[in-house]
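Undergrad: Give me the fold of what follows.
(one chain, ligands or ions: 1)
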Amino acid sequence: MLYRQQVLDLPHGELHTPVLFPVRNLGKRSSDNTPAYVDMIPDLPTAMINARAIRNRDPMWERLTDGVTLREEMGVPENTIVYADSGGYDFSQTAPDTTPRETLETQRLFDADIFGTVDIPLSRENRAAKNQRRIDRSVELALEASDRHNGDELLLASVHGYDPETIQNSIRYLEIRGDFDGYALGSLVPIRTDYKKVTKLVLAARTATEKHLHVYGLGGLVYQPLLLYLGVDSFDSSAFIRSAGNRNYLLPGFGGEELWNIDELEYLPCPCPVCGSRTLNDIREDRDALVKHNLWALAAELRRFRYVSAAGKDIEDYLDLRFQGNEVTQRAYRTAKQQVRRLS
Ligand SMILES: [Zn+2]
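TA: Now for the predicted structure:
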């Protein structure tokens, strides 16, 4: 049984894990177009932001260096838990244009609670030697951040690798040479349809450390239960925004549904505060409502898992049911189950 719950004592408050960090696409466009959710969903007082993207947006950056707080800029309460990643995902093709020192200064200016180290993601298309250089460089950059970091914020070392040994070796190496509060697994988005492989990589990280484990980019509806089962402590997702952009309505157990496929329904099958009292037509025409509902769907997924655990029900029985509908994810879950059972 790898599912676990912990409480993190962070500068802006206590955080109960496992937890989702919704990605705020702050800095990506002219303004932050994520609707307010922090007060609406009480168990998601969390936000994931991209430190580099904000630093590269001049007007916002000027306000922040002028004394406006990041939370004011986002329109969220001061006790919102912010995870600032380095923006390494933008370096998929190019060399990083930031240093551990600059990134730490930015994360500190934002008053972030969790800092991600500068990293250089892998690509499935890269040759092994090129990916290996990127893995080694990310390890060096993490150690440099460890040397420069002293504070109450959590420092999570970003770790990459497309085989379990590389991930375990990286974590063990960093554990000996650096001082980290946990680890964050990256580069999984490009291989996300290979559930079996992703499962093995996550398990490799989980068994290499007892510390906090974050997985970047895989917090959507399908992966969430799998990550919880594998003992991941936190994850992030922009699926609620991206899906809404495609008019996709997320529903736990069903995945996404394109709303224009449905005509003969007056009310949607979701009791969340967004959908509960509004008609399908109403929601279909309101992008913000769709984004908010989609986030409720992700929160509900997490709440159900917590319920199954708190009520003492068998998590594997629940997941057997949960993954029944889709052959691909069912196979992935079976593989995960076999591997988890082998550990005990
Ligand atoms: Zn809803």
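
Undergrad: Next, the residue nearest the centre of the chain: secondary structure please.
TA: To find the centre residue of the chain, average its C-alpha atoms and take the closest one (C-alpha atoms, centre = their mean): that gives residue 236, at 1.4 Å. Of the three states, residue 236 takes strand according to DSSP: H, G, I helix; E, B strand; the rest coil.

Undergrad: pLDDT value on it, please?
TA: Each residue has a pLDDT score; the one for residue 236 is 96.

Undergrad: need the contact list for it.
TA: If you count contacts by C-beta atoms under 8 Å, 6 or more residues apart in numbering, residue 236 has them with 20, 21, 22, 23, 48, 83, 214, 216, 217, 219. In short, each C-beta sits where N, CA and C put it, glycine included.

Undergrad: repeat that with 7 Å
TA: With contacts defined as C-beta atoms under 7 Å, 6 or more residues apart in numbering, residue 236 is in contact with 20, 21, 23, 48, 216, 217, 219.

Undergrad: Identify, from these, the entry nearest to residue 290.
TA: Comparing those against residue 290 with C-beta to C-beta picks out residue 23 as the nearest, at 16.2 Å.

Undergrad: wait, the closest one sits on residue 50?
TA: No. Here residue 23 lies out of contact with residue 50, judged by C-beta atoms under 7 Å, at a distance of 8.0 Å.

Undergrad: how about the strands in the stretch 51-200 of the chain?
TA: Along the stretch 51-200 of the chain, the stretches classed as strands by DSSP state E, counting those that start in this stretch are 81-85, 114-116, 154-159, 182-185.

Undergrad: Tell me the helices and strands packed up against the second one.
TA: It refers to strand 114-116. Under the contact definition 3 or more C-beta pairs under 7 Å, 6 or more residues apart in numbering; DSSP states H and E, strand 114-116 sits against strand 81-85, strand 154-159.

Undergrad: orientation of the shortest one relative to strand 154-159 in degrees?
TA: So the one you mean is strand 81-85. Orientation note: strand 81-85 sits at an angle of 30 degrees relative to strand 154-159 (axes from the mean of the first three to the mean of the last three C-alpha atoms, to 10 degrees).

Undergrad: From the chain's centroid, how far away is strand 81-85?
TA: Going by C-alpha atoms, centre = their mean, to the nearest Å, the spacing between the C-alpha centre of strand 81-85 and its chain's C-alpha centre is 10 Å.
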